[in-house]
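Visitor: the following comprises the amino acid sequence and a computationally predicted model.
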Amino acid sequence: MRRREFITLVGGVTVAWPIAARAQQLPMPVIGFVNAASPQSWAQPLSAFLKGLSEASYVEGHNVAIEYRWAEGRIDRLPGLVADLVHRQVAVIVASTTPAALAARAATTTIPIVFETAADPVQLGLVASLARPGGNVTGVGQQTVELVPKELELLHELIPTARVVALLVNPADPALAETESREVLSAAHALGLELNVLNASTERDFDEVFANVIQLRAGGLVIATDALFTGHSKQLAALAARYAVPAVYKGREFAAAGGLMSYGSDINDVYRLVGNYTGRILKGAKPAELPVQQATKVELIINLKTAKALGITVPLPLSGRADEVIE
């Protein structure tokens, strides 16, 4: 080998080695994931979120890290949890549930935010419009507010003799509670039903809620959308069975746990979309240029075993429309 070629080769190695070493030392991006509920109740949506991330070529622990913050049903904790993520300068904040989205929006105008919300993100002030979110925020909407009145209609179709019904809301989340109460009251009026609105802001309130349903002689219970209720859907289904209350709530988990009926967006598909958007932002996409996505997949699930235990005969037209019947 000629001396000039040897010097060139050594020089190339000398230059290339620090570049490779620096590449290995680069820290992986960090996602801040904040949720109003508890991790135990969010296992399946979280798995769907990670699947969406992987679709954008990001795998937790391999090329991205995730800092999780759970409010455990205490919405008042969310501002502090989000502030901690902002202080840590995470690359993206995933605001899971409406209260978390509002807390994140109030905390930063620079860190990208990907939300999941059950309410209208434009009315909430999260984005300027669905097509052009603007700013640092985008995400996925479930259109749940529009679906809760439909839950009442399905319950009425299932139990047409019931003239008194109840609606369970969480007053600690006024953005959802007020909107859903207004929509369901309107639907009840159109159906000629008397609607009683009941409140629960912690799981300790659940027993009293079902006792009130019995005292009111309500023929059924509609459970409004809320992270607290989603996180305790199995407990709510068990209480509905114990008190023999026909109840409807969104999410397959409720019906699978013994609830009479569930109707709502496929939450796992929603979180897959959230994960995909998060990955795209990590790759350089701007939230302002990513239109807010709307969940379009809605599922109706009826638990025939529970209906039989309650002495309810499910009309064939209704069971025929169900996406799944649990026997």
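Guide: Everything's here; your move. Because the structure is a prediction, the values reported are computed rather than measured.
Visitor: any stretches of the protein with poor pLDDT?
Guide: Low-confidence segments of the chain, defined by pLDDT under 70: 1-26, 143-145.
Visitor: quick check, central residue of it?
Guide: residue 97 (4.9 Å; CA atoms, centre = their mean).
Visitor: now for that residue: which residues touch it?
Guide: 35, 36, 37, 116, 117, 118, 227 (CB atoms under 8 Å, 6 or more residues apart in numbering). Any C-beta I mention is one placed from the backbone N, CA and C, and that applies to glycine too.
Visitor: same thing with residue 164?
Guide: So residue 164 contacts 193, 194, 196, 216, 217, 218, 219 (CB under 8 Å, 6+ apart).
Visitor: now with 7 Å, please.
Guide: 194, 216, 217, 218, 219 (CB atoms under 7 Å, 6 or more residues apart in numbering).
Visitor: can you pull the contacts of the second one?
Guide: Just to be clear, that refers to residue 216. 164, 166, 196.
Visitor: pretty sure the second one contacts residue 219?
Guide: To tie it back to what came earlier, the one meant is residue 166. No - contact criterion CB atoms under 7 Å: residue 166 and residue 219 do not qualify, at 9.0 Å.
Visitor: the strands in the stretch 201-327 of the chain, which residues?
Guide: Secondary structure of the stretch 201-327 of the chain (DSSP state E, counting those that start in this stretch): strands at 221-223, 247-249, 261-265, 293-294, 298-303, 324-326.
Visitor: related to what we said a few turns ago, derive a ChimeraX selection command for the buried subset of the contacts of residue 164.
Guide: To isolate the buried ones among these in ChimeraX, judged by 16 or more other CB atoms under 10 Å, type:
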select :218,219
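Visitor: please produce a markdown table containing the contacts of residue 164, extended by distance to residue 201.
Guide: Below are these laid out as a markdown table (distance: CB to CB, whole Å):
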| residue | distance to residue 201 |
| --- | --- |
| 194 | 24 |
| 216 | 19 |
| 217 | 25 |
| 218 | 20 |
| 219 | 25 |
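Visitor: for stretch 129-137, buried residues please.
Guide: Buried residues in stretch 129-137 (16+ other CB under 10 Å): 133, 135, 136, 137.
Visitor: from residue 124, how far off is the first one?
Guide: Using CB to CB, to the nearest Å, one obtains 12 Å as the distance from residue 133 to residue 124.
Visitor: ok, now which ones touch the residue nearest to residue 202 when sequence neighbours are not counted?
Guide: Nearest non-adjacent residue to residue 202, counting by CB to CB, 6 or more residues apart in numbering: residue 73, 6.5 Å away. Applying CB under 7 Å, 6+ apart, we find residue 73 in contact with 36, 37, 38, 202, 203, 228, 231.
Visitor: now the third one: how far from residue 308?
Guide: Residue 38 sits at a distance of 32 Å from residue 308 (criterion: CB to CB).
Visitor: okay, these two: which has more neighbours?
Guide: Legend: neighbour count by other CB atoms under 10 Å for residue 38 and residue 308, higher for residue 38 (15 against 12).
Visitor: with secondary structure and distance to residue 148 added, can I get the contacts of residue 216 in JSON lines?
Guide: Formatted as JSON lines, the contacts of residue 216 follow (DSSP: H, G, I helix; E, B strand; the rest coil; distance: CB to CB, whole Å):
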{"residue": "164", "secondary structure": "strand", "distance to residue 148": "18"}
{"residue": "166", "secondary structure": "strand", "distance to residue 148": "13"}
{"residue": "196", "secondary structure": "strand", "distance to residue 148": "15"}
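Visitor: dump those residues to a markdown table, plus distance to residue 186.
Guide: Formatted as a markdown table, those follow (distance: CB to CB, whole Å):
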| residue | distance to residue 186 |
| --- | --- |
| 164 | 17 |
| 166 | 16 |
| 196 | 15 |
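Visitor: and the buried residues of stretch 129-137, which two are furthest apart?
Guide: The most widely separated members of the buried residues of stretch 129-137, counting by CB to CB, are 133 and 136 (8.9 Å).
Visitor: find residues that contact each of the two.
Guide: residue 287.
Visitor: what's near enough to touch residue 91?
Guide: Here residue 91 is in contact with 29, 30, 31, 282 (CB under 7 Å, 6+ apart).
Visitor: thank you, goodbye.
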